[in-house]
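Student: requesting a structural model of the entry that follows:
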Amino acid sequence: MAEIDTSGGGHKKGPGVKKGKKLSTRVDLTPMVDLGFLLITFFVFTTTMAQSTAMNMNEPKDSDDPDKIMKVKNSGAMTILLGKQDQIYYYYGQLDPATLSEQWKTTDYKEVRQLIVDKKKSTPIDDLMYIIKSDKESTFKNAIDILDEMSISAIPPGHYAEVDITPAEEEMIRQTELANGIQ
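Tutor: Below you'll find the model as predicted:
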């Protein structure tokens with residue numbers, strides 16, 4: 001609250017009359033601080049925090065109806081398997097035991113974008129499909145990174161999907177990791 005000192009007597013002039021001291025006006029800021037904290041509290045409680053954003057992802061629908069299962073041409077399919085220590089394994093089409101060593105390839109995140117773009121350029125868009133499978137040893141970061149690569153490479157939604165890894169593919173990853181000394 002503001003206070004003003006009005007003491008000092010009358011308005012006498014002349015010799016021998018002492019002048020009254022002029023005291024400065026003192027402003028009490030306590031109510032102002034209280035009001036400031038009340039406003040801060042009000043805005044903290046009424047403000048909505050930034051909403052989290054999520055990337056839209058088209059996942060295949062589980063279906064028991066064989067007519068609703070999406071068919072993918074072998075020539076247009078690329079399967080990407082995520083392993084541990086940021087390793088990526090991939091093959092085109094369907095795995096064939098006779099040509100397994102020629103089909104099964106290894107790469108990392110530095111080269112995978114070029115592989116995705118090359119496959120996109122060499123395949124008609126209607127036939128193009130990327131199948132992403134994560135091993136038990138891969139990290140969530142790896143899954144997000146490969147989805148980011150799909151987005152960066154401008155792969156249209158519906159042309160990539162995350163599905164479960166098969167036991168045969170898990171075994172191939174284990175054998176490759178043992179052969180390459182990845183622990």
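Student: going forward, measure contacts between C-alpha atoms and count neighbours the same way
Tutor: Will do.
Student: run a quick neighbour tally on residue 111.
Tutor: For residue 111, the neighbour count with other CA atoms under 10 Å is 11.
Student: which stretches of the protein form helices?
Tutor: Remark: helices assigned in the chain by DSSP state H are 30-46, 100-103, 112-122, 140-152, 167-180.
Student: a markdown table for those helices, including mean pLDDT?
Tutor: Shown next, in a markdown table, are these (pLDDT from 0 to 100):
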| stretch | mean pLDDT |
| --- | --- |
| helix 30-46 | 92 |
| helix 100-103 | 76 |
| helix 112-122 | 88 |
| helix 140-152 | 88 |
| helix 167-180 | 83 |
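Student: can you put these in a markdown table and add distance to residue 22 and mean neighbour count?
Tutor: Converted to a markdown table, the helices of the chain look like this (distance: least, CA to CA, whole Å; neighbours: other CA atoms under 10 Å):
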| stretch | distance to residue 22 | mean neighbour count |
| --- | --- | --- |
| helix 30-46 | 24 | 11 |
| helix 100-103 | 97 | 12 |
| helix 112-122 | 80 | 15 |
| helix 140-152 | 72 | 15 |
| helix 167-180 | 89 | 14 |
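Student: compare these and give me the one nearest residue 24.
Tutor: Minimum separation from residue 24 across those (CA to CA) falls at helix 30-46, 18.4 Å.
Student: sorry, back to before: a markdown table for the helices of the chain, including distance to residue 161?
Tutor: A markdown table is the format used below for the helices of the chain (distance: least, CA to CA, whole Å):
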| stretch | distance to residue 161 |
| --- | --- |
| helix 30-46 | 40 |
| helix 100-103 | 20 |
| helix 112-122 | 14 |
| helix 140-152 | 9 |
| helix 167-180 | 17 |
